[in-house]
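Peer 1: Sequence plus the predicted model coming up.
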Amino acid sequence: AQLHDLATRAGLLYFGTAVGESASQQDQAYRRIIDDKSEFGQVVPENGQKWESTQPSQGRFTFTQGDITANIARQNGQYLRCHTLVWHSQLPNWVRSGSWNRQTLTAVMESHIANVMRHYLGQCYAWDVLNEAVDDSGQWRDSVFLRVFGTDYFPLSFNLAKKYDTETKLYYNDYNLEYNGAKTTKTVELVQIIQRAGAPIDGVGFQAHLVVGSTPSRTNLATTLRRFTSMGVDVAYTELDIRHENTPLPAPASAQITQGNDYANVVGSCLDVDRCVGVTVWGYTDKYSWIPGTFPGTGDALLYNSNFQKKAAWTSVSSVL
Ligand code: XIL
């Protein structure tokens, strides 16, 4: 059987993938597997709903890119995860380098959140309201939002999101939470700040951009997920990929087996934790992964190779589900 069907039988809500906007429109072989709901019961736009795509200049909203994946979800009856509203990256210059104060930046955030959430109202299973607000050393990440508001923009973002969509699940989303270090501890604090302010937060997304051979064990991953579920929120793996580092590509069979074991640890840990709702891979084929472009010399991080053939990692995920 295919991954989403296996995942739901194992008690998850979905197994999903990010959708590359241009590949989904230009590559039929790519699209065919996206459209297989037994394989992917949930989709998320890789780039199309980000601020630079949805409001490239002040007051001009464009949903063409975001709608590509939203339409795929509707046509196939797949869950749509929506990504993302408040983020320091892929944030247009007019926001990034505007000279804002609390009042003017609140108005900008409210207008953005209102317009984007209203456009997708009723379509999003979950929204990544706030993305990557903690840096890798476990400090609050510098951004225009932090400089204007301090940590007050955490509850502000979630309160605004709730105002414009009362139904969707509101998520905080970040990477490197999986290692359970200083960044994870700071993220626990972030959730507490939101909760103590009386603002609504429903979930924490673990991006899980991981490395073959350095992925934590299933037990350790489950322990880390429980640091968040014990605060009363759902968790999910939202952007899973596991890249080969210091390995000649295509990776030798032994490295591909290790990669499969790492994938099984991640998916298995979600099965082990009540309130881990699902797993989303950040693309499914090595043909279109963002990894080689962002981490040069690394790659082959996904479940299918560039010829759309299932890799050992696919088989390993299917066996753990
Ligand atoms: C990445 C996309 O995959 C790339 O195509 C884009 O150039 C940059 O962003 N964290 C996130 C995702 O939340 O939105 C990022 O996606 C990967 C890291």
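Peer 2: Received the coordinates, thanks.
Peer 1: Which residues of the stretch 101-250 of the chain lie near the ligand?
Peer 2: Asn131, Gln207, Glu239 (Cβ under 6 Å from any ligand atom). From N, CA and C alone the C-beta is placed, and that goes for glycine too.
Peer 1: hmm, 8 Å instead?
Peer 2: When proximity is defined by Cβ under 8 Å from any ligand atom, the stretch 101-250 of the chain lies next to the ligand at Asp128, Asn131, Glu132, Asn173, Tyr175, Gln207, His209, Thr238, Glu239.
Peer 1: I'd like the next helix or strand past the host helix or strand of Pro155.
Peer 2: Secondary structure from DSSP states H and E places Pro155 in helix 153-164. Following helix 153-164 in sequence order, the next helix or strand is strand 169-174 (DSSP H and E).
Peer 1: which residues are in contact with that next one?
Peer 2: With Cβ atoms under 8 Å, 6 or more residues apart in numbering as the contact definition, strand 169-174 has outside contacts at 83-84, 125-134, 158, 161-162, 183, 187, 190-191, 194, 200-207, 234, 236, 238-239.
Peer 1: ok, now stretch 182-201?
Peer 2: Contacts to stretch 182-201, defined as Cβ under 8 Å, 6+ apart, come from residues 129, 133-140, 151, 154-156, 158-159, 162, 170-172, 174, 176-177, 204, 224, 227-228, 231-233.
Peer 1: filter those to the buried ones?
Peer 2: Taking 16 or more other Cβ atoms under 10 Å as the criterion, what is buried in these is 129, 133-135, 140, 151, 154-156, 158-159, 162, 170-172, 174, 176-177, 204, 224, 227-228, 233.
Peer 1: show me what contacts the residue of the chain found nearest the ligand?
Peer 2: Using Cβ to the nearest ligand atom, the point where the chain gets nearest to the ligand is Trp290, with a distance of 3.4 Å. By Cβ under 8 Å, 6+ apart, the contact list for Trp290 reads Glu46, Trp282, Gly283.
Peer 1: just these that are near the ligand?
Peer 2: Among those, the residues within reach of the ligand (Cβ under 8 Å from any ligand atom) are Glu46, Trp282, Gly283.
Peer 1: Can you report how many residues neighbour the nearest residue to Val144 once chain neighbours are set aside?
Peer 2: Among residues not flanking Val144 along the chain, Arg96 sits closest, at 5.6 Å (Cβ to Cβ, 6 or more residues apart in numbering). Arg96: 13 surrounding residues under other Cβ atoms under 10 Å.
Peer 1: try Cys82
Peer 2: 26.
Peer 1: ok, it - contacts?
Peer 2: Taking Cβ under 8 Å, 6+ apart, one finds Val44, Pro45, Gln49, Tyr120, Gln123, Cys124, Ala126, Trp127, Asp128, Thr168 in contact with Cys82.
Peer 1: Likewise for Pro92?
Peer 2: For Pro92, the contact set (Cβ under 8 Å, 6+ apart) comprises Trp51, Glu52, Gln55, Pro56, Ser57.
Peer 1: Can you show me the helices along the stretch 101-250 of the chain?
Peer 2: 102-119, 144-149, 153-164, 182-196, 218-229 (DSSP state H, counting those that start in this stretch).
Peer 1: which of those helices is buried the deepest?
Peer 2: Greatest average neighbour count among the helices of the stretch 101-250 of the chain goes to helix 153-164 (a mean of 22), per mean count of other Cβ atoms under 10 Å.
Peer 1: what's the angle from that one to strand 169-174?
Peer 2: Computed by axes from the mean of the first three to the mean of the last three Cα atoms, to 10 degrees, the angle separating helix 153-164 from strand 169-174 equals 150 degrees.
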